[in-house]
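Q: Mind folding the following:
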Amino acid sequence: MMQPKFNYNISEELFKSIEDQFGGAKIAGKYIESKDDSIFKDWGRNLMEKVYELGTKPEFNDHLYEMVQMVAEKTGEVKFPHEAQRFIEIACLSIHLMSVVLIQTAYNKELSFSIVEGTCTVHNKLKEALSEEDLKALPCKGGCLTTWKTIFNILKMDDVEVSQTQEIPSDKMCTFLAKK
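A: Next up, the predicted model:
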């Protein structure tokens, strides 16, 4: 009997589509022109809504997503953190200069991950135009927090709290924590 073939990779087309619409340098450029940090929140919400919309389409499913769905249906478990983690990774890999997302923890009560200085396209673009003092205020912070909160809202994981525990200006990375 022949083993079925599984798709373990997420389509480059998915990443490209998200990057074209929500690239980090684009939103940072808009902020530089307007100095209105509220644009980051709309961007973050819209980004994750698009990631979810595209990431749930059958043509963009990978074996991991299929397994998370199957196990969740059978057991009622696994959705946190693994389903949300998939969409977070798609968002990060689409808009940042990274080939993997630095996952710190991923278990049934906690998910944490980091975006290291130099890999964040938003911060890189802001760094080109803002003073060191303005950059320390991390105007993009609300956008990232909104992005991550949005996926938990979409997935109806209302008991998950999202926070930022490290920031690039002081810690050389932004680290986000989602706790159940």
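Q: Of all the residues in the least confident helix or strand in the chain by mean pLDDT, which ones are buried?
A: Least confident helix or strand of the chain, by mean pLDDT, DSSP states H and E, is helix 63-75 with a mean of 85. The neighbour-count check on helix 63-75 (16 or more other CB atoms under 10 Å) flags Leu64, Tyr65, Val68, Gln69 as buried. C-beta: built from backbone N, CA, C; applies to glycine.
Q: try stretch 53-66
A: Residues of stretch 53-66 classed as buried: Leu54, Gly55, Phe60, Asp62, Leu64, Tyr65 (neighbour count, 16+ other CB under 10 Å).
Q: before we move on, back to that, can you convert the buried residues of helix 63-75 into JSON lines and add a column each for distance to Asp37?
A: Output for those, formatted as JSON lines (distance: CB to CB, whole Å):
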{"residue": "Leu64", "distance to Asp37": "34"}
{"residue": "Tyr65", "distance to Asp37": "33"}
{"residue": "Val68", "distance to Asp37": "34"}
{"residue": "Gln69", "distance to Asp37": "36"}
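Q: From those, pick the one nearest Ile103.
A: Nearest to Ile103, judged by CB to CB, of the buried residues of helix 63-75 is Leu64 at 13.1 Å.
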